[in-house]
Each structure stands twice: as structure tokens, then as C-alpha cells.
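>>> next come a sequence and a model predicted from it.
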Amino acid sequence: MILGALLFIIAGIAIVHGPREDVRITLAGWAAILFFGLIALVRAGQLVRGGPDIRIDERGIWWRRWSDQVVPWDAIAALHITGVGRMPFLHLMLVDPAAYPSTRPMGKLADLAHASRLGDIAVTTNATDRSFAELLAALERFAPRVLLDPPPERPEL
């Protein structure tokens, strides 16, 4: 992903330094540099940081991209699974969303998830070394039955 972002950054630089026939094209070049530069920085930070990104155990769900706080099982009102393209998400609908605010940039996307009534936190295994199937297996092992009955539907990929 970092390599792909770098290629888009190079393309953005080429656009910015190319002939300036249309200001909109120059703005698109700057947008590519900024957007993909941010992606490259975030992904590089994830590589350097190391350690787990998601932990599902008897205490609850912890997702490093959301905060340092574990969301305990009794703070979760419902679980929903959806997919965007080939990327599945586990949505957590919280009993009291204000009790578990995001302390990470991922929280800025929380309003979109909440607005769609899918949940307050959208967890993905994207850019981790684990699969979504392993996340679902951990849910089956640790989540209270009340959150799994009926079991969350798997997204069609």
C-alpha cells in the first residue's frame, strides 16, 4: 500500500510541475500529493509500531486504530457485519458511545458509520496480518451469546 501511495504521490508531483493549462488539474495534483502522502505516513507508522491491532478476548474488543481502551462486552448493544467491495467490517453499536470515544484519526470516520445506523465503531482487518474469518472465530469464542444470536451475517465478497 505504501508503494502504491508513493506512485500516486509521484504522479501528483508530475501533474503539479507539468504544463499549467487548467488550474483544476494542478489542484488535483496537490490533492493527490496530500491525500496519498497521508496514507503513506499512516501505513509507515503502522509498520514501525508493530504489535497487535485488534484483540478480542473475554474482556471485550480492543482496536488500536480506535483507542487504547478496551470496549467491554456489556458496553456493546449489537454487532453488525457489512462489506464495502471486498472489505468486510464489524460494526459495534455501543450502549453509550460517549463512554468510548476515539483517540485516533479513525474516529473521524465514526460519524459516517453512526449516521448509517450500522454502529459506532467499524472494525476491519484491512492492513493487518489476520483475516476477517479469524476475527469472526474470535467473536464466536468470546462474545456473549446474546450478541451472536442470531449470528452476524457474513458479507458477500
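Cool, got the structure.

>>> where does the chain dip in pLDDT?
Along the chain, segments meeting pLDDT under 70 span 46-47, 49-50, 106-118, 149-157.

>>> pull out the buried positions in the longest helix anywhere in the chain.
In the chain, taking DSSP state H as the definition, the longest helix is helix 23-49. For helix 23-49, the neighbour count (16 or more other Cβ atoms under 10 Å) marks 26, 29, 32-33, 36, 39-40, 42-43, 46 as buried. For the C-beta atoms, the positions are set from N, CA and C on the backbone; glycine is no exception.

>>> stretch 132-142 too?
132, 135-136, 138-139, 142.

>>> off-centre distance for it?
17 Å (Cα atoms, centre = their mean, to the nearest Å).

>>> still on that earlier bit, could you list which of the buried residues of stretch 132-142 belong to helices?
132, 135-136, 138-139, 142.

>>> nearest to I56, of those?
Closest approach to I56 among those (Cβ to Cβ): A138, at 3.9 Å.

>>> tally up the residues packed near the closest residue to Q69 other than its chain neighbours, please.
Using Cβ to Cβ, 6 or more residues apart in numbering and skipping residues adjacent in sequence, the residue nearest Q69 is Y100, 6.0 Å away. Neighbour count of Y100, defined by other Cβ atoms under 10 Å: 22.

>>> before we move on, what about the one 3 residues further on?
Residues contacting T103 under the criterion other Cβ under 10 Å number 11.

>>> residue ranges of each domain in this structure, please.
2-49, 54-148 (automatic domain parsing).

>>> what's the most buried one of those?
Counting by mean count of other Cβ atoms under 10 Å, domain 54-148 has the highest mean neighbour count of the domains of the chain, with a mean of 16.

>>> ranges for the strands of the protein?
54-56, 60-63, 71-72, 76-84, 87-94, 121-123 (DSSP state E).

>>> can those strands go into CSV with extra columns for distance to P105?
What follows is those, written out as CSV (distance: least, Cβ to Cβ, whole Å):
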stretch, distance to P105
strand 54-56, 17
strand 60-63, 13
strand 71-72, 18
strand 76-84, 18
strand 87-94, 17
strand 121-123, 13
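
>>> hmm, back to that, tell me which two of the buried residues of stretch 132-142 sit farthest apart.
Checking those with Cβ to Cβ, the most distant pair is F132 and F142, at 15.9 Å.

>>> thanks again, I'm all set now.
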